[in-house]
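mind looking at a prediction? Sequence and model below.
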Amino acid sequence: MKVSDLLKNSEFKCLNPQIGVEGEIKSGYVGDLLSWVMANAGNECAWVTIQTHVNIIAVATLLEMACVIIPEGAEVEESTLERAIIEDIPVITTGLNAYEVCKILGNAGV
Amino acid sequence: MSYELVFEVERGDFETAGGASRKIKKTLQQLGISSKIIRKVSIAGYEGEMNLAIHSWGGTILLQVEEKEIILTIQDSGPGIPDLHLAMTEGWSTAGVEAQRMGFGAGMGLPNMDRNADHFEIESKVGNGTKILMKFFL
């Protein structure tokens, strides 16, 4: 599925909609330990993390992720969004928890 | 083909840390390096960069692109690692509370570098600092 397909679900909101959201989500990954994510997440994945600081964009950029999904309504820092716009990484927020996000991704064939 | 770039990383600079790794990645893309090798260099470079920000008093990352290999040299001026064997153990970390809260300190930095580089060397002396040399064969 594309990031734009995920955003058709009203549970998800893109915090930097000025960038492109047509990237393909080829896999999903959940994790908050950045080195662990660096070692194991796939390229073009949707990464679900409760971390909201600017370094998540560094990780997402280096791994060429499709998007970062912040669950449970956690607030994202402004510096993170500024960097995400520069690096073209969609940052998506949702009130759902990580498990519920994964169910939706899984049901959509990711 | 021979190309060289140096980046400085300051201690505790979590906000801009990751910037050197991003520039390294973009440079390698411009040089036409394969995405598989870029991923390995990016992961190892990022771990090195974060180690400089979290653990060192500041240091440098030197990127060298040669005909047959990419070399990353990560060097700091201290404080040095007292027990290299422990430091190389997956899961072992001395990262502080703030770094851990931000998702650092998984104890995978050095193991991730070792795993992704084709050649990995580390030397460290308390009081003198740490030098890591990584090679990625093209």
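Received, thanks. None of the values given here were measured: they were computed from a predicted structure.

of all the residues in chain B, which one is nearest chain A?
B:Gly18 (2.7 Å; Cβ to the nearest Cβ). C-beta coordinates here come from the backbone N, C-alpha and C atoms, glycine included.

next, the buried residues of stretch B:70-84.
B:70-76, B:78, B:80-81 (16 or more other Cβ atoms under 10 Å in any protein chain shown).

the spatially most central residue of chain B in helix, strand or coil?
Of all residues in chain B, the one closest to the mean position by Cα atoms, centre = their mean is B:Gly48, 1.7 Å from it. Under DSSP: H, G, I helix; E, B strand; the rest coil, B:Gly48 falls in the helix class.

spit out the contact partners of it.
Remark: with contacts taken as Cβ atoms under 8 Å, 6 or more residues apart in numbering or on different chains, B:Gly48 is in contact with B:61, B:72, B:74, B:109, B:113, B:132, B:134.

counting neighbours, what do you get for A:Lys13?
13 (other Cβ atoms under 10 Å in any protein chain shown).

so it, which of the three states?
Reduced to three states with three-state DSSP, the structure at A:Lys13 is strand.

cool, and A:Cys102?
helix.

what about the residue positioned nearest the centre of chain A, distance to A:Gln51?
The centroid of chain A falls nearest to A:Val68 when counting by Cα atoms, centre = their mean (1.3 Å). Separation of A:Val68 from A:Gln51 (Cβ to Cβ, to the nearest Å): 9 Å.

wait, B:Glu67 sits on B:Ser2?
Yes - the criterion here is Cβ atoms under 8 Å, and B:Glu67 meets it with B:Ser2 at 7.3 Å.

so which of the buried residues of stretch B:70-84 sits lowest on pLDDT?
Lowest pLDDT among the buried residues of stretch B:70-84: B:Gly78, with 88.

for it, give me its contacts.
B:56-57, B:127-129.

could you find the closest non-adjacent residue to A:Ile92?
A:Ile69 (4.8 Å; Cβ to Cβ, 6 or more residues apart in numbering or on different chains).

any idea which helix or strand comes after the helix or strand hosting the one you found?
For A:Ile69, the element it lies in under DSSP states H and E is strand A:67-70. Next helix or strand after strand A:67-70 toward the C-terminus (DSSP H and E): helix A:78-87.

avg pLDDT for the very next helix or strand once past that following helix?
The helix or strand immediately downstream of helix A:78-87 is strand A:91-94, counting by DSSP H and E. Mean per-residue pLDDT for strand A:91-94: 98.

so which elements touch strand A:91-94?
When contacts are defined as 3 or more Cβ pairs under 8 Å, 6 or more residues apart in numbering or on different chains; DSSP states H and E, strand A:91-94 packs onto strand A:12-14, strand A:67-70, helix A:78-87.

with mean pLDDT added, can I get the ones you listed in JSON lines?
JSON lines is the format used below for the helices and strands packed on strand A:91-94 (pLDDT from 0 to 100):
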{"stretch": "strand A:12-14", "mean pLDDT": "98"}
{"stretch": "strand A:67-70", "mean pLDDT": "98"}
{"stretch": "helix A:78-87", "mean pLDDT": "95"}
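
quick one: B:Phe14 and B:Gly103 touch, right?
No - using Cβ under 8 Å, B:Phe14 makes no contact with B:Gly103, being 10.5 Å away.

identify the contacts common to these two.
What both B:Phe14 and B:Gly103 touch, as defined by Cβ under 8 Å, 6+ apart, is the set A:Asn55.

give me the more crowded residue out of these two.
More neighbours surround B:Gly103 than the other of B:Phe14 and B:Gly103, with 21 against 16 (other Cβ under 10 Å).

contact partners for residue 55?
The chain I'm using is chain A. Per Cβ under 8 Å, 6+ apart, neighbours of A:Asn55: A:34, B:14, B:17-18, B:50, B:102-103.

that's the wrong chain, I wanted chain B
B:79, B:94-95.
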